[in-house]
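Participant: sequence and computational prediction follow.
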There are 2 protein chains.
Amino acid sequence: MSAHVFIAEDEASIISLLKYNLEKEGYKVSHSENGEDALKQIKSKQPDLILMDWMLPELSGVEICKNLKKDNKFNDIPVIMLTAKGEEEDKLKAFDTGADDYVTKPFSQKELNARIKSLLRRSKPQSSSDIVEFTDLKIDRITKRVYRKDKEITLGPTEFKLLDFFIKNPKRVYSREQLLNNVWGEDIYVESRTVDVHIRRLRQAINIQNTKPLIRTVRSAGYSLES
Amino acid sequence: MSAHVFIAEDEASIISLLKYNLEKEGYKVSHSENGEDALKQIKSKQPDLILMDWMLPELSGVEICKNLKKDNKFNDIPVIMLTAKGEEEDKLKAFDTGADDYVTKPFSQKELNARIKSLLRRSKPQSSSDIVEFTDLKIDRITKRVYRKDKEITLGPTEFKLLDFFIKNPKRVYSREQLLNNVWGEDIYVESRTVDVHIRRLRQAINIQNTKPLIRTVRSAGYSLES
DNA sequence: CCCCCTTTTTAATCATTTGTTAACTGAGGA
DNA sequence: TCCTCAGTTAACAAATGATTAAAAAGGGGG
């Protein structure tokens, strides 16, 4: 899944240059040429990184930045300021408003790419480290939510743990015994038929709109998660 | 609590310059003049940020950086590379090894400070601003006031701390245990059911004029703040 | 020292989940 | 083809966990 870079810049020539280069790098790119609109778009689209011109019509880059950094929902989005003058004072002001980096125009595309890569690397892992995906299934261990085809699915605690366990080793077949030990716990005794019941409930829950059934039964062996 | 900056640099004059300036900024500073020793010290001291010379005796800065970025325990420590030549190739290589920023010698102390501040801000999530917003909720840590939809809400001290904690990591699910540790304090023992009661009061307080309930219950896991 | 406010505990109630049972289904070997 | 065995399914009772209200316990400030 590629990162989404948002450009807030009013010079058309720079926009197209940036867009061309960033898309070549594999990023999803969108932009706005006006401060007020930029802020609105950023809040709705929640990009992974923002390239922002220092000066913008309607609402300056500084203002947008301050605004974003106030809101918990957006203050994690890294901002790179594009500043025309290479003056020290401006750089410092940029950092003060909460920008994470700045680049002075004219800038080297290679260096900009490197800085973007660095900031993305820095912000991605903490937020996504506990999100695991398997085909069209996504499970978030932090928020305890499960999605299939981007639609949320609600599971009971046991079904959640069961799926969580399966997704750690997709395609591997587990016996009821193993499932009991790993999902229920070593020392808890329940009937092995109980596993069947929970498998069924899990199947029902993740079986949204005639998609492939993801859980395979292996006769006289156990179950596995399949693509 | 001030941040701890580690300097890996072999030129004595630069070390003393940096040390003087950084300590004036209020950082705790330590250093090493040799690569191998630097790596050892970093691993034992776990500084909050590293200033690293590109070239170092025994083990080059690049090597140290690669080594750190491999290890989960240390790859979150931001690294600023100090490079002698201002050549493009070096900058790019620095980023490739996992450095988070670079500064070319001779450098402006003011700019270096700004960059340090920026990186530290990024890695220390808690050091956020005094006014935080989350959707239509606003909390002012200075005046200890809370607003929903711009209408003021009155909370008891515990409810305030609870909400303040939740808003630092929205959507994340916290167990009662975690809430007790973070809101009440590590060594205070109260029944975990007590959390429920405060959750309830917080819910009641922020539930103004049929708006969405912002606190989600995750059965057998805990609670989270949702949009 | 007492009053008021907040916090904590307790316990009843409510809601959801879980495990069990037993009947049913279907695959595959004799 | 039929029989058997393993897996599926539905229904239900028990247990687990969350909500709620109300009482008890603290803890300053007047």
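Facilitator: Perfect, thanks for sending it. Residues are numbered from 1 along each chain as shown, chains lettered A, B, ... in the order given.
Participant: next, count neighbours for A:F134.
Facilitator: By other Cβ atoms under 10 Å in any protein chain shown, the residues close to A:F134 number 17. Heads up, the C-betas are built off the backbone N, CA and C, glycines and all.
Participant: show me which helix runs longest in chain A.
Facilitator: helix A:109-128 (DSSP state H).
Participant: can you pull the buried residues of the following helix or strand past that helix?
Facilitator: On the C-terminal side of helix A:109-128, the closest following helix or strand by DSSP states H and E is strand A:131-134. Residues A:132, A:134 are the ones in strand A:131-134 that count as buried (16 or more other Cβ atoms under 10 Å in any protein chain shown).
Participant: pull the CA atoms of strand A:131-134 into PDB?
Facilitator: What follows is strand A:131-134, C-alpha atoms only, in PDB (Å, rounded to 0.1, in the frame of the first residue of the first chain):
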ATOM      1  CA  ILE A 131      -2.100  -4.100  12.100                       C
ATOM      2  CA  VAL A 132      -1.900  -7.300  10.300                       C
ATOM      3  CA  GLU A 133      -3.400  -8.100   7.000                       C
ATOM      4  CA  PHE A 134      -4.200 -11.300   5.100                       C
END
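Participant: do it and chain B meet?
Facilitator: No. Judged by Cβ under 8 Å from any Cβ of the partner chain, strand A:131-134 stays clear of chain B, getting no closer than 11.7 Å.
Participant: swap in stretch A:58-75?
Facilitator: Yes. Against chain B, stretch A:58-75 shows contacts by Cβ under 8 Å from any Cβ at A:69-73, A:75.
Participant: before we move on, back to that, alpha carbons of the longest helix of chain A, as CSV, please.
Facilitator: Output of helix A:109-128 as CSV, limited to C-alpha atoms (Å, rounded to 0.1, in the frame of the first residue of the first chain):
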residue,chain,number,x,y,z
GLN,A,109,14.3,16.3,-6.2
LYS,A,110,16.6,13.5,-5.0
GLU,A,111,17.1,15.2,-1.7
LEU,A,112,13.4,15.8,-1.3
ASN,A,113,12.7,12.2,-2.0
ALA,A,114,15.2,11.2,0.6
ARG,A,115,13.6,13.4,3.2
ILE,A,116,10.2,12.2,2.4
LYS,A,117,11.3,8.6,2.7
SER,A,118,12.9,9.4,6.1
LEU,A,119,9.8,11.0,7.5
LEU,A,120,7.5,8.3,6.3
ARG,A,121,9.8,5.6,7.7
ARG,A,122,9.6,7.5,11.0
SER,A,123,5.9,7.8,11.2
LYS,A,124,4.7,4.6,9.8
PRO,A,125,5.9,1.9,12.1
GLN,A,126,4.4,3.1,15.4
SER,A,127,0.9,3.5,14.0
SER,A,128,0.8,0.4,11.8
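Participant: spell out which parts of chain A neighbour DNA strand C.
Facilitator: A:154, A:156-159, A:184, A:188, A:190-191, A:193-194, A:197-198, A:201, A:219 (Cβ under 7 Å from any atom of the strand).
Participant: hmm, back to that, could you say what helices and strands the longest helix of chain A packs with?
Facilitator: helix A:12-24, strand A:49-53, strand A:79-83, strand A:101-104, helix B:88-96 (3 or more Cβ pairs under 8 Å, 6 or more residues apart in numbering or on different chains; DSSP states H and E).
Participant: what comes up buried for it?
Facilitator: A:112-120, A:122-123.
Participant: just flag the most distant two among the residues of stretch A:58-75 next to chain B.
Facilitator: A:K69 and A:K73 (11.2 Å; Cβ to Cβ).
Participant: these two: who's more crowded?
Facilitator: The neighbour comparison of A:K69 against A:K73 (other Cβ under 10 Å) goes to A:K69, with 19 against 16.
Participant: break chain A into its domains for me.
Facilitator: A:4-127, A:131-225 (automatic domain parsing).
Participant: comparing the ones you listed, which comes out most buried?
Facilitator: domain A:4-127 (a mean of 18; mean count of other Cβ atoms under 10 Å in any protein chain shown).
Participant: could you give the average pLDDT over it?
Facilitator: In this model, domain A:4-127 carries a mean pLDDT of 83.
Participant: this completes my enquiry, with thanks.
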